[in-house]
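Colleague: just coords:
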C-alpha cells in the first residue's frame, strides 16, 4: 500500500460514493473517513514497517502516475494529521450547517486533489491539480437555480489564470538555476511567480471576490474553501522558497512578502471595521489570515524562525467555528446584513458566541487561539522594522473594531422575540466544542506542538 | 518547409477565429470559431508534441465546446441575450484586436531570440491566443463568453508550454482542465435557470 493511495485515492473514492448518501450519512462518511485518515497519519509512520503481532504493515511513500511520481514523505505526516483532522471537523459540522449532502462528497474529492497537489513531482505540476480542485469547487459555490454572482466568476477566472503563470514561472526558474547570473531571466521568473501566487492566493488587489463569495455562496461552504485552498497553496508556495536558494536569499522577496502581508492585513482590517455584513466580515478576516502568513513567511525566510505553521491550526478552527455560526445565524434570513441580524444573539446565543469568539481570535484577542502566533509575528516585525509593527497593530485594531461591532450588534436587545435558544443539540455541541478548542489553544498554545513543531520538517531550508 | 507553412497557416486560423469570437455575438458562431481555433492550436502543438498527444488538445477542446453547445441549445431564448454595460462596438473590439496583433508581431522576434528552439509561429500563435483571450475576459460578463475567453487563454498557454514541456502527465492534466472548464461553463449556464425550468 502506498501513501498516495491512502491519502489521495481513498478520499476521492469515498467522496464519489458519498454522492449517493443522505445528509447525515454523507456527513458521517466524510467525517469518519477523514478522522481515520488523520489517525493513520498520526500512528503509522510512512516508509517504515510497523509490526502488529505476526503481521508487518508498511505504507510506502511513492506511487507512479503516467510516468511521474506522487510522493508523500514521512515528513508530511503532521500536515496530513492536521488537514484531515480539521476536514473531519468541517464535514461533521456540515450536517449542523445543513449542507452535508452538497458539501461533503465534493469536499472530499477537493481534499484528495489538493493532497495530490502536494505530492506530485515535479512539485510545480501542483498548479494543475489546484486548478482541478477549483473547478470542482464551482458547483459548491453556485448552487442550482441561482445565477452565479460576480465573486464566483472571479474566483474561477483568477484560479484559472494563476495556473499558467505558475507553470511558466517553474520553467523560467529552471532556467535561472542553470544560468544564475542572468538578471533579466531572474526578474521574469520572479514576476511570473508573484503573479501566479497573487491570483491563487487572492493577494491585494485581486481579493475582492473573497468577501463577495461569503455573501453569494453558503457561508459554511465558502468558509471551507477559504480555509483549505489558501493553506495548500501556501504550502505549495513554500516549496518554491525551499527549493530555490536565490529566492530565499533575496532581500527583495523578504521585503515584498512583508509589504504585501501588511497591505492585506491593513486593508482587510480597515474594511472589516467599516463593514455592514457579517459574511463579508468573515471574508475580510480570511484575507487578513493570508496576510498574517505572508508576514510570518517573510520572518521565517529572514530569520529561520517558525512563524508560519503556528497559524494553521487556529485558522482552521477559527474559520470552522465562524462559518458554522454564520450558517446557523444565516438560516432563515435573506441576507447577513447588520440590519437583518440585529439582536440575533438573543435567539441564537451559541451561534452569536461562536461568531464573536472566532472574530476576536482572528483579531488576536489575548487568551484565544489566534493570539500566540500573532504576538510572535508582531515581536518579529518589531525587531525588523518599527513602522511595520505599527501597521500590523493598525490592521489588528481594524479587525478588533469589526469584532466589537459584531458583539454589539448580535447582543442588542430585541423585545419582540422570546429569548429561547434556537440551535439544535448537535449545533450547540459543535459550536461549544470549537469554542472550547479556541480557548484551550489560546491558554495552552503548546498543546498542539506535537504537530505544529514537526510541520517545518516538510522543508529542508525553511523555518528550521 | 511544409511544416513551417502549415504552422503559419495555423497562426492565421487562430488569429481569425479568436478575432471572430471577439466580434461575433451569436453563440453558434462563437462555438464554431472555437472549434476551428482548437484545430489551429493542435497543429501548432504538434510541432513539439507527438500527433497523438497534440490531438488530446483538439479532442478535449471539442468535447468542451460540445458540452457548452448542448447546454446553450437547451436554454430558453431570454438567456441568449447581449450585454449592455460593456464595450459593444465592433470597431472598438477590432481596434483592440489590432493592438494585440501589433503586440504579437513586435514580441515574437524578441522572444524567439530569448528562447532558442521555440519556433516563431508557436510564439506568435500563443501570444495572439492569450492576448485575445484576455481581451475577451476583460470585455464581457456573460458566462459563456468568459468560459470561451478562459479556454482561449489556456489554448495559447498550451501551445507555448508544449514547446518547453513534453510530459504526458501535463498533457493529460491540461486536457482535464480544458474539459473541466467546459463542463463548469455548462453547469453555470444551467445553474442560472430556476430549478423548475432546468
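Modeller: All right, it came through fine. Only a predicted model underlies this, so the values are computations on that prediction, with no experimental measurement involved.
Colleague: next, the most centrally placed residue in chain B: secondary structure please.
Modeller: For chain B, the residue nearest the mean C-alpha position is residue B:152 (2.1 Å; CA atoms, centre = their mean). Look at residue B:152: counting by DSSP: H, G, I helix; E, B strand; the rest coil, its state is helix.
Colleague: what does chain A put close to chain B?
Modeller: Counting by CB under 8 Å from any CB of the partner chain, chain A comes close to chain B at A:65-68, A:125, A:128-129, A:131-132, A:135-136, A:138-139, A:142-148, A:150, A:152-153, A:156-157, A:160-161, A:163-164, A:167-168, A:171. Quick note: C-beta positions are derived from backbone N, CA and C, even for glycine.
Colleague: what residues of the helix or strand hosting residue A:300 count as buried?
Modeller: If you go by DSSP states H and E, residue A:300 is part of helix A:278-303. Buried residues in helix A:278-303, defined by neighbour count with 16 or more other CB atoms under 10 Å in any protein chain shown: A:278-302.
Colleague: over to stretch B:46-56?
Modeller: B:46, B:47, B:48, B:49, B:53, B:54, B:56.
Colleague: among the residues you listed, name the ones in strands.
Modeller: Within the buried residues of stretch B:46-56, no residue falls in strands by DSSP state E.
Colleague: quick check: the two most widely separated of those?
Modeller: B:47 and B:56 (15.2 Å; CB to CB).
Colleague: show me where chain B has helices.
Modeller: For chain B, the helices defined by DSSP state H cover B:2-23, B:27-45, B:51-74, B:90-114, B:120-138, B:143-164, B:168-191.
Colleague: now for the second one, which elements pack on it?
Modeller: Other elements packing on helix B:27-45 under the criterion 3 or more CB pairs under 8 Å, 6 or more residues apart in numbering or on different chains; DSSP states H and E are helix B:2-23, helix B:51-74, helix B:120-138, helix B:143-164.
Colleague: chain A contacts on chain B?
Modeller: Residues of chain B lying close to chain A (CB under 8 Å from any CB) are B:137, B:141, B:143, B:146, B:150, B:153-154, B:157, B:160-161, B:164-165, B:167-170, B:172-174, B:176-177, B:180-181, B:183-184, B:187-188, B:190-195, B:198.
Colleague: just the buried residues of those.
Modeller: B:137, B:143, B:146, B:150, B:153-154, B:157, B:160-161, B:164-165, B:167-170, B:172-174, B:176-177, B:180-181, B:183-184, B:187-188, B:190-193.
Colleague: residue A:69 - that's part of a strand, no?
Modeller: Yes: counting by three-state DSSP, residue A:69 is located in a strand.
Colleague: is it true that it touches residue A:116?
Modeller: No: the pair residue A:69 and residue A:116 does not pass the contact test of CB atoms under 8 Å, sitting 11.6 Å apart.
Colleague: the two: who's more crowded?
Modeller: Just comparing residue A:69 and residue A:116: by other CB atoms under 10 Å in any protein chain shown the higher neighbour count belongs to residue A:116, 26 against 15.
Colleague: which SS state does residue A:234 fall under?
Modeller: Looking at residue A:234 with three-state DSSP, the answer is helix.
Colleague: so what's residue A:136 scoring on pLDDT?
Modeller: You'll see residue A:136 listed with a pLDDT of 95.
Colleague: same question, the one 4 residues further on
Modeller: Residue A:140 carries a pLDDT value of 92.
Colleague: over to residue A:18?
Modeller: On the pLDDT scale, residue A:18 gets 92.
Colleague: just checking, what packs against the strand or helix carrying residue A:212?
Modeller: Residue A:212 belongs to helix A:209-216 when assigned by DSSP H and E. On a contact count with 3+ CB pairs under 8 Å, 6+ apart, helix A:209-216 meets helix A:150-178, helix A:219-243, helix A:278-303.
Colleague: one more time with 6 Å, if that's ok
Modeller: Packing contacts for helix A:209-216, counted by 3 or more CB pairs under 6 Å, 6 or more residues apart in numbering or on different chains; DSSP states H and E, involve helix A:150-178, helix A:278-303.
Colleague: can I get these in a markdown table including mean pLDDT and distance to residue A:55?
Modeller: Shown next, in a markdown table, are those (pLDDT from 0 to 100; distance: least, CB to CB, whole Å):
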| stretch | mean pLDDT | distance to residue A:55 |
| --- | --- | --- |
| helix A:150-178 | 90 | 42 |
| helix A:278-303 | 92 | 41 |
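Colleague: so for residue B:100, which of the ones you listed sits nearest?
Modeller: Nearest to residue B:100 among the helices and strands packed on helix A:209-216 is helix A:150-178 (16.7 Å), distances taken as CB to CB.
Colleague: which residues sit against stretch A:243-258?
Modeller: Applying CB atoms under 6 Å, 6 or more residues apart in numbering or on different chains, the contact partners of stretch A:243-258 are A:173, A:241, A:294, A:297, A:298, A:301, A:302.
Colleague: which is the next helix or strand following the helix holding residue A:300?
Modeller: Later in the chain than helix A:278-303, the nearest helix or strand by DSSP H and E is helix A:312-330.
Colleague: what lies in contact with the helix or strand of chain A with the lowest mean pLDDT?
Modeller: Scoring the helices and strands of chain A by mean pLDDT, DSSP states H and E places strand A:50-52 at the bottom, with a mean of 78. Residues outside strand A:50-52 that contact it (CB under 6 Å, 6+ apart) are A:44, A:57.
Colleague: check stretch A:427-438 too.
Modeller: Stretch A:427-438 is contacted from outside by A:93, A:96, A:317, A:321, A:328, A:350, A:354, A:357, A:361, A:368, A:369, using CB under 6 Å, 6+ apart.
Colleague: pLDDT score assigned to the closest residue to the residue nearest to the centre of chain B other than its chain neighbours?
Modeller: Nearest non-adjacent residue to residue B:152, counting by CB to CB, 6 or more residues apart in numbering or on different chains: residue B:133, 3.3 Å away. Listed pLDDT for residue B:133 reads 93.
Colleague: tell me, how many residues neighbour residue B:133?
Modeller: Applying other CB under 10 Å, we find 26 residues neighbouring residue B:133.
Colleague: the residue nearest to the centre of chain B contacts residue B:131, correct?
Modeller: No: judged on CB atoms under 6 Å, residue B:152 makes no contact with residue B:131 at a distance of 9.4 Å.
Colleague: against residue A:172, how distant is residue B:24?
Modeller: With the distance defined as CB to CB, to the nearest Å, residue B:24 ends up 36 Å from residue A:172.
Colleague: sorry, slip of the keys, the one I care about is residue B:68.
Modeller: From residue B:68 to residue A:172 the distance is 33 Å (CB to CB).
Colleague: who has more neighbours, those two?
Modeller: Ranked by neighbour count (other CB under 10 Å), residue B:68 and residue A:172 place residue B:68 first, with 25 against 20.
Colleague: got the contact list for the more buried one?
Modeller: Shown in contact with residue B:68 (CB under 6 Å, 6+ apart): B:182, B:185, B:186.
Colleague: for the last one, give me the pLDDT.
Modeller: On the pLDDT scale, residue B:186 is placed at 94.
Colleague: which ones are touching it?
Modeller: Going by CB under 6 Å, 6+ apart, the list of residues near residue B:186 reads B:67, B:68, B:71.
Colleague: change it to 8 Å
Modeller: Under the criterion of CB atoms under 8 Å, 6 or more residues apart in numbering or on different chains, the contact list for residue B:186 reads B:67, B:68, B:70, B:71.
Colleague: how close does the residue nearest to it when sequence neighbours are not counted get to chain A?
Modeller: Once flanking residues are discounted, residue B:186 sits nearest to residue B:71: 4.1 Å by CB to CB, 6+ apart. Applying CB to the nearest CB, to the nearest Å, the value for residue B:71 to chain A is 13 Å.
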